[in-house]
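Student: how does the following fold in three dimensions:
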Amino acid sequence: MSRSSLDPRRSLTLCALTGLALLLPACIITGLPGDDDSSGDTEGPGDDSGSGGAQDESGEDDGVDETGADDDGTGDTADTGEENSCDPAEQSAHVYQHDGSTDGEHWSLGIHRVSGTFSVYGPLSVDPCSIIEMGDGARIHVGSGGSLQWSGAPGEPIVVTSAKASPAPGDWDHIRVSADSVGPDNVLEHVRIEYGGGSSYYGALHLQDGASLEMHDGSVRHSAGMGMVVDGDAELRGFVGNRLSDNADGALMIAPDHAGDLLEGTYAPNGVEGIHLAGTAVAHDQSWLAHDAPYVASSGFSVGTEVGSARLTVQAGAEIRMGDAADIRVGNLGGLTLEGTEEAPIVIRSAKSTGAPGDWDEIRIADPSVDAYNSFSHVRIEHGGGSYYGAVWVQSGASLSMHDSTIREAGDFGLMVDNGAELRDFSGNSLIDNDGAALSIGAGEVDDLGEGTYGPNGIDGIIVRNGTVDHDAQWLAHGVPLIADAGFAVDTDVGSAVLTLDAGVRIELGDAGDIRVLDNGGLLADGSPEQHVEITSAKGSPAAGDWDEIRFGGGSLDAANLLRYTDISYGGGSYYGMLWVQSGTSVALDHVTFTAPGGGCDIVRDGSVDAVATSFVECP
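Tutor: The predicted model follows:
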């Protein structure tokens with residue numbers, strides 16, 4: 001039940017007409033006969049406050065400045081950024097008491113005092129310049145059939161504040177909007193909410209899962225918890241021009257699937273900086289804007305859906321901070337588009353004040369995601385790689401475009417590219433200062449690597465996993481070795497697979513590693529007098545026979561098999577020398593050197609070897 005502190009039939013009119021409301025305490029009475037709610041339960045259906053009923057105001061001078069001069073929205077602009085032209089005399093001319101519940105009403109200009117839990121089951125509208133004073137632990141719950149239609153105006157805000165003369169965060173609890181309220185009718189415009197959050201989990205303004213609220217040009221500040229808590233699939237409409245600041249636990253908590261509801265506004269400073277993401281999935285197309293506070297994904301999130309598409313676009317200048325072991329998983333029908341610029345890169349880093357390698361896990365791009373949506377431009381990724389899969393993991397069958405971006409300070413590889421994955425436009429990137437290698441990649445995908453910076457890193461090199469180069473490919477020199485511990489094959493069943501090694505390429509092979517040039521394959525090591533191609537041991541202290549051989553099979557393409565200005569060393573760990581030319585094939589050698597072969601010989605020549613400016617020892 002909502003009550004005026006004056007009898008609306010006599011007292012309010014008398015006090016207003018005589019001006020006694022400003023002078024005589026007698027004009028403020030405790031309530032109307034017969035209005036006392038003795039049920040002890042003012043909660044609406046499903047409410048959990050258990051407040052035990054509303055508390056009447058005594059009407060005695062409680063030290064509250066009813067003019068609102070105590071930073072409650074009348075006559076000053078203290079850290080709200082909004083001019084205020086409300087007339088204190090008009091605001092304090094009428095004082096109302098509200099407790100219990102209402103099925104719908106209009107609150108006229110004045111001071112409205114709320115105690116206990118006030119439940120709203122119909123439309124509740126409020127005049128501009130009104131002040132809503134919340135008592136200790138007071139709450140407003142908008143339940144079934146209810147709605148808040150609070151429309152202040154520029155310079156004439158509605159203010160929801162503490163009833164205390166010296167207000168403090170947590171003086172009152174929260175305004176809660178439930179899922180069964182009338183969502184389209186819930187509108188807060190030019191509304192200032194302050195000193196709430198007494199039940200800190202819910203913040204000062206709480207939208208339950210499934211609720212809907214339009215809010216613009218307002219503020220939530222001085223909460224003892226979050227400014228706002230937006231649960232699950234709750235929706236913010238037209239959320240623009242708002243200021244969420246000076247709240248103890250952060251601006252707000254919101255599900256990742258509704259972070260795109262947050263439009264331009266002010267989200268800092270707060271006791272804990274950030275827009276805190278709580279939930280699992282981004283399940284529909286949306287854009288995240290760059291705000292003055294980072295997105296904080298303590299538990300990570302996924303991007304995907306079963307129907308339609310879920311493309312998450314992050315705008316230039318945005319920052320995402322990741323919690324311990326958190327990851328971003330881009331899956332079925334999902335896509336991650338990071339659109340930074342040189343002047344305003346996107347930053348994805350640890351949520352810790354001082355980040356360290358491995359603080360969080362990885363960004364995982366999975367096969368069912370939409371290739372065209374997966375694109376990183378001018379992105380800086382730091383402190384990931386807490387699992388085995390690097391800071392960015394492109395799974396087999398998935399595709400990622402990435403350019404002018406940085407992966408640094410990962411706990412392992414900077415980047416993991418599975419065999420059968422694809423890198424598009426991978427150029428201008430820096431993979432540096434990672435605990436492991438710059439990246440780990442399948443042999444069939446190495447040619448996706450464009451020019452960039454691939455060191456320094458904890459392991460000096462690019463890890464090339466055993467696999468097959470099954471198409472014509474060119475491997476560039478990246479200033480670090482290609483470490484192929486287990487070797488790789490070059491062959492295909494259809495067409496050709498000619499692997500060209502540019503001048504300056506260095507391949508390091510591990511124990512028993514080999515290079516197998518087989519059916520329809522070819523190997524062109526295209527060194528120059530100034531920059532040779534090197535094929536050698538991966539060991540720090542190499543020795544003869546560390547790796548096996550380069551094998552040219554009978555089904556390889558003779559015309560493509562050419563080693564020019566190439567240095568081969570520390571191979572021959574099997575019986576076939578460092579170069580095994582099998583029957584039915586031929587290889588041309590031009591300025592090739594052989595050093596430290598296992599077994600003391602260089603080449604097993606079952607096929608044809610055409611050597612120019614090359615000396616070798618043939619194996620028996």
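Student: so for stretch 349-362, what gets flagged as buried?
Tutor: 349-351, 355, 357-362 (16 or more other CB atoms under 10 Å). No exception for glycine: its C-beta is placed from N, CA and C like everyone else's.
Student: let's see which of the residues you listed end up in strands.
Tutor: Using DSSP state E, the subset of those located in strands is 349-350.
Student: where does the chain have its least confident helix or strand?
Tutor: Lowest on mean pLDDT, DSSP states H and E among the helices and strands of the chain sits helix 11-18, with a mean of 33.
Student: quick one: buried residues of the helix or strand following that helix?
Tutor: Using DSSP states H and E, the next helix or strand after helix 11-18 towards the C-terminus is helix 88-92. Going by neighbour count (16+ other CB under 10 Å), the buried part of helix 88-92 is 88, 91-92.
Student: equivalent analysis for stretch 565-582, please.
Tutor: Buried residues in stretch 565-582 (16+ other CB under 10 Å): 565-574, 576-582.
Student: what of stretch 332-350?
Tutor: In stretch 332-350, counting by 16+ other CB under 10 Å, buried: 332-340, 345-350.
Student: partner strands of the longest strand seen in the chain, parallel or antiparallel?
Tutor: Counting residues, the longest strand found in the chain (DSSP E) is strand 586-595. Sheet pairing of strand 586-595 (DSSP bridges) gives strand 562-569 (parallel), strand 608-612 (parallel).
Student: tell me which residues of it are tucked away?
Tutor: By neighbour count on 16+ other CB under 10 Å, the buried set for strand 586-595 is 587-594.
Student: rewinding a little: out of the buried residues of stretch 332-350, who's nearest residue 493?
Tutor: The closest of the buried residues of stretch 332-350 to residue 493 turns out to be residue 332 (CB to CB; 31.1 Å).
Student: what's around residue 613, how many residues?
Tutor: 11 (other CB atoms under 10 Å).
Student: now swap in residue 238 and tell me
Tutor: 15.
Student: and it, what does it touch?
Tutor: By CB atoms under 8 Å, 6 or more residues apart in numbering, the contact set of residue 238 is 214-216, 263.
Student: surely it is in a strand?
Tutor: Yes: inclusion of residue 238 in a strand is indicated when DSSP: H, G, I helix; E, B strand; the rest coil is applied.
Student: and it, how far from residue 572?
Tutor: For residue 238, the distance to residue 572 equals 73 Å [CB to CB, to the nearest Å].
Student: can you pull out the low-pLDDT segments for the protein?
Tutor: By pLDDT under 70, the low-scoring segments of the chain are 1-82.
Student: so who does the residue most central in space within it touch?
Tutor: For the chain, the residue sitting closest to the mean C-alpha position, by CA atoms, centre = their mean, is residue 320 at 4.3 Å. Going by CB under 8 Å, 6+ apart, residue 320 touches 294-297, 314, 328, 346-349.
Student: switch the cut-off to 7 Å
Tutor: 294-295, 297, 348 (CB atoms under 7 Å, 6 or more residues apart in numbering).
Student: picking that back up, go through the buried residues of helix 88-92 and name the one nearest residue 444.
Tutor: Ranked by distance to residue 444 (CB to CB), these are led by residue 91 at 73.5 Å.
Student: can you tell me how far that closest one is from residue 125?
Tutor: For residue 91, the distance to residue 125 - CB to CB - is 17 Å.
Student: tally of neighbours for residue 307?
Tutor: Neighbours of residue 307 using other CB under 10 Å come to 9.
Student: how about it, nearest residue that isn't a chain neighbour?
Tutor: residue 333 (7.7 Å; CB to CB, 6 or more residues apart in numbering).
Student: from the buried residues of stretch 332-350, which land in strands?
Tutor: Counting by DSSP E, these place 334-339, 346-350 in strands.
Student: in contact with residue 374, which residues?
Tutor: 330, 335-336, 365, 399-401.
Student: please identify which helix or strand holds the residue nearest to it when sequence neighbours are not counted.
Tutor: Spatial nearest neighbour of residue 374, chain neighbours left out: residue 400 (4.7 Å); criterion: CB to CB, 6+ apart. Using DSSP H and E, residue 400 sits within strand 399-403.
Student: alpha carbons of that strand, as CSV, please.
Tutor: Below are the C-alpha coordinates for strand 399-403, written out as CSV (Å, rounded to 0.1, in the frame of the first residue of the first chain):
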residue,chain,number,x,y,z
SER,A,399,40.3,-20.6,-40.2
LEU,A,400,41.5,-17.3,-38.8
SER,A,401,42.6,-14.0,-40.5
MET,A,402,45.2,-12.1,-38.4
HIS,A,403,47.3,-9.2,-39.2
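Student: direction included, what does it pair against?
Tutor: When DSSP bridges is applied, strand 399-403 pairs with strand 375-377 (parallel), strand 422-427 (parallel).
Student: contact partners of it?
Tutor: 365, 371, 374-377, 394, 422-429.
Student: recalculate using a threshold of 10 Å.
Tutor: Applying CB atoms under 10 Å, 6 or more residues apart in numbering, the external contacts of strand 399-403 come out as 330, 336-338, 363, 365, 367, 369-379, 381, 392-394, 415, 417, 421-429, 448, 450, 452.
Student: residue 618: how many residues sit nearby?
Tutor: If we define neighbours as other CB under 10 Å, then residue 618 has 12 of them.
Student: measure it to residue 606 for me?
Tutor: Counting by CB to CB - residue 618 and residue 606 are separated by 11 Å.
Student: dihedrals phi and psi, residue 491?
Tutor: phi -170, psi 170 (degrees, to the nearest 10).
Student: I'd say it and residue 516 touch.
Tutor: Yes: between residue 491 and residue 516 there is a contact at 7.3 Å, judged by CB atoms under 10 Å.
Student: give me the common contacts of those two.
Tutor: Common neighbours of residue 491 and residue 516, using CB under 10 Å, 6+ apart, are 468, 553, 556.
Student: let me know the closest of the residues you listed to residue 201.
Tutor: Nearest to residue 201 among those, counting by CB to CB, is residue 468 at 54.8 Å.
Student: any idea what that closest one is bridged to?
Tutor: Using DSSP bridges, the bridge partners assigned to residue 468 are residue 489.
Student: now do the same contact list for it.
Tutor: Contact analysis of residue 468 by CB under 10 Å, 6+ apart lists 419, 442-444, 488-492, 497, 516, 518, 521.
Student: in a markdown table: the residues you listed, plus neighbour count and distance to residue 508.
Tutor: What follows is those, written out as a markdown table (neighbours: other CB atoms under 10 Å; distance: CB to CB, whole Å):
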| residue | neighbour count | distance to residue 508 |
| --- | --- | --- |
| 419 | 15 | 19 |
| 442 | 21 | 17 |
| 443 | 25 | 13 |
| 444 | 24 | 18 |
| 488 | 23 | 12 |
| 489 | 23 | 17 |
| 490 | 28 | 17 |
| 491 | 20 | 22 |
| 492 | 18 | 25 |
| 497 | 27 | 22 |
| 516 | 20 | 17 |
| 518 | 19 | 22 |
| 521 | 26 | 21 |
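Student: tell me the contacts of residue 428?
Tutor: Residues in contact with residue 428, defined by CB under 10 Å, 6+ apart, are 377-378, 402-406, 450-453.
Student: just the buried ones from these, in ChimeraX syntax?
Tutor: Applied in ChimeraX, the following selects the buried portion of the contacts of residue 428 according to 16+ other CB under 10 Å:
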select :377,378,402,403,404,405,406,450,452
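Student: possible to save the contacts of residue 428 as TSV with distance to residue 545?
Tutor: Output for those, formatted as TSV (distance: CB to CB, whole Å):
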residue	distance to residue 545
377	46
378	47
402	39
403	42
404	43
405	41
406	40
450	35
451	35
452	34
453	34
